[in-house]
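[1] sequence plus predicted model, see below.
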Amino acid sequence: MNLPNLKEAKKRENSPVETFDARNIKSDKFEGKYFYLRTYGCQMNVHDSEEIKGILSNLGFRQTDDYEKAHLIVMNTCAIRENAHDKVFGFLGRVKHLKKDKPDLIVCVGGCMTQEENVAETLKNKYPFVDIVFGTHNINDLGKLILEHQNKQDIEVYSIEGNIYENIEYKRDSKYTAWVNIMYGCDKFCTYCIVPYTRGKQRSRKMEDILDEVKDLKKAGYLEVTLLGQNVNAYGKDLSDGRDFATLLEEVAKIGIPRIRFVTSHPWDFTEEMIDVISKYDNIMPYIHLPLQSGSSRILKLMGRRYTKEEYLELFNKIKEAIPGVSITTDIIVGFPNETDEDFDETLDVVNKCQFDGAFTFIYSPREGTPAALIKDNISMEVKEERLQKLNKIINDYSLMHNKEYEGKTVKVLVTGMSEKGENKVCGYTETMKLVNIDGALNDIGKIIDVEISSAKSFSLDGKKVTFVNN
Ligand code: SAH
Ligand code: SF4
Ligand code: F3S
């Protein structure tokens, strides 16, 4: 057993520990039993949950949406902001009651939160009914941990990254769109961010392994792949084979899958070559998520983001010019320690200049163990909320403005499933990543169709399938 330790993680050694390769263990021990899985956090966790579902299916479990019916509960947690913790502990309170009536229920907690200092300790002392605590570096061990579990709490969390395992048996959520990890971890150490500690140092997968996975997905009929990583465009920097993200992107594009996306790009690693490749291939979607975080060069420096306001704007304009019709979204944090009204105005200035298609906006949340948490969090919650509201209003106006540009146009939509907006509606995404609710077209799930946009809202479009008549 090896308890997590942020300081140790910071020192990280180059030689990873060997974790036991228990990925694809098969057993019928839990045949007929149900698991309930709750996923918090980012796409990385969503994709990890597809691995967890694969592991549990291999043990005979079936999935249920009703946690009270489950024989096993897994929580795949997030640590990015304080409220992520609150949600997890809130749900654990409900699970505690359930376990009183169902003593055989197996409760597992994994994901980023368990990698934090003190969390395993808290689970041990305050939540002893949790059976298995695992981390982000040993998801592949979960099957083994469940099969071998006895009565006492097992804490198996490693602060040092394990091997990269290939041939993971994911149980993917969709038959049409797929996540493909191209790298794990992050080396950027933005001063506010917990991810480099919870996910470890950057480890890129070998290009051949990634390409093989994409080829298999194409064979299986997938129409879209999203290359996934915390900092995708730093891909390859740890491999020293000279191959970078632009090269990978081009090789993936050549495989010929109809739609390719990637998240998340860091402005600092965004190269001219990447822009060239994106504009050269029609199947690389004209959509880029380019986190800004702040528009003030002073705050950006405190955040350790490695670019200034001017450099961000220059890159933004270069991308807009080179890729016609590109849609760009961003992430912004308000209320970083010492952020003045003037700093916040700089952020608004960038937002007004860039007129983003959309943005995820956050109130700064100090994370223990990160450098920024040592700076006094000296902005009141009132000011933080005021700034957030003001920012959101502007962001939403620009989203609506961009969406309005689609009215009356016909665009290609990959229909991914039923819409929540009505019984006879399906939904899907444009190439530029706009959500569209479409009338009828129930047979079109899993197809790319032409849709005429009738009306636009801030967060979605409405449209109708276009049927071409051959004369
Ligand atoms: N790797 C990605 C995303 C990281 S997490 C990137 O670099 O962009 C997603 C977003 O959460 C970040 O972009 C940031 O805006 C926000 N975030 C991260 N740490 C935070 C913190 N301590 N408080 C508030 N927001 C935070
Ligand atoms: Fe966090 Fe920065 Fe890495 Fe993104 S790039 S995961 S914000 S440290
Ligand atoms: Fe959360 Fe971990 Fe993602 S902290 S945002 S789940 S990498």
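    Arrived safely. Ligands and ions are numbered 1, 2, ... in the order given.
[2] would you mind writing the CA trace of stretch 421-430 as PDB?
    Once side chains and other backbone atoms are set aside, the C-alpha atoms of stretch 421-430 remain, and they are given as PDB (Å, rounded to 0.1, in the frame of the first residue of the first chain):
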ATOM      1  CA  LYS A 421     -36.400  18.700 -26.000                       C
ATOM      2  CA  GLY A 422     -39.300  16.500 -27.200                       C
ATOM      3  CA  GLU A 423     -40.400  13.000 -28.200                       C
ATOM      4  CA  ASN A 424     -39.900  13.200 -31.900                       C
ATOM      5  CA  LYS A 425     -36.600  15.100 -31.700                       C
ATOM      6  CA  VAL A 426     -33.100  13.900 -32.100                       C
ATOM      7  CA  CYS A 427     -29.900  15.800 -31.400                       C
ATOM      8  CA  GLY A 428     -26.400  16.100 -32.600                       C
ATOM      9  CA  TYR A 429     -23.400  18.400 -33.200                       C
ATOM     10  CA  THR A 430     -22.400  20.600 -36.100                       C
END
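[3] now the closest residue to residue 257 other than its chain neighbours: how far from ligand 1?
    Of all residues not flanking residue 257 in the chain, residue 218 sits nearest, at 4.9 Å (C-beta to C-beta, 6 or more residues apart in numbering). Placement of C-beta: from N, CA and C, glycine included. Residue 218 sits 27 Å away from ligand 1, taking C-beta to the nearest ligand atom, to the nearest Å as the criterion.
[4] do you know the pLDDT at residue 12?
    Among the per-residue scores, residue 12 shows a pLDDT of 34.
[5] right, I mislabeled it, should have said residue 21
    Per the predicted model, pLDDT is 57 at residue 21.
[6] also the one 10 residues further on?
    Looking at residue 31, its pLDDT is 95.
[7] dump the residue contacts of residue 432.
    When contacts are counted by C-beta atoms under 8 Å, 6 or more residues apart in numbering, residue 432 is found next to 285-287, 325-327, 357.
[8] the residue nearest to residue 257 in helix, strand or coil?
    helix (DSSP: H, G, I helix; E, B strand; the rest coil).
[9] OK, contacts around it?
    255-257.
[10] quick check on those residues: which are buried?
    Neighbour-count burial (16 or more other C-beta atoms under 10 Å) applied to the contacts of residue 218 gives residue 257.
[11] can you tell me which of the contacts of residue 218 is nearest residue 335?
    The shortest separation between residue 335 and any of the contacts of residue 218 is 40.7 Å, and it belongs to residue 257 (by C-beta to C-beta).
[12] using the three-state scheme, assign that closest one.
    coil.
[13] is it true that it touches residue 225?
    Yes - the pair residue 257 and residue 225 qualifies as a contact (C-beta atoms under 8 Å) at a distance of 5.6 Å.
[14] now do the shared contacts for the two.
    Jointly contacting residue 257 and residue 225 under the rule C-beta under 8 Å, 6+ apart are 214, 217.
[15] format the CA atom coordinates belonging to stretch 194-203 as CSV.
    As requested, the backbone C-alpha atoms of stretch 194-203 are provided in CSV (Å, rounded to 0.1, in the frame of the first residue of the first chain):
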residue,chain,number,x,y,z
ILE,A,194,-4.4,20.2,-9.0
VAL,A,195,-4.3,18.1,-12.2
PRO,A,196,-0.5,17.6,-12.4
TYR,A,197,-0.7,16.1,-8.9
THR,A,198,-3.7,13.9,-9.3
ARG,A,199,-2.9,12.7,-12.8
GLY,A,200,0.9,12.7,-12.7
LYS,A,201,3.5,13.8,-15.2
GLN,A,202,2.8,13.8,-18.9
ARG,A,203,3.1,10.5,-20.6
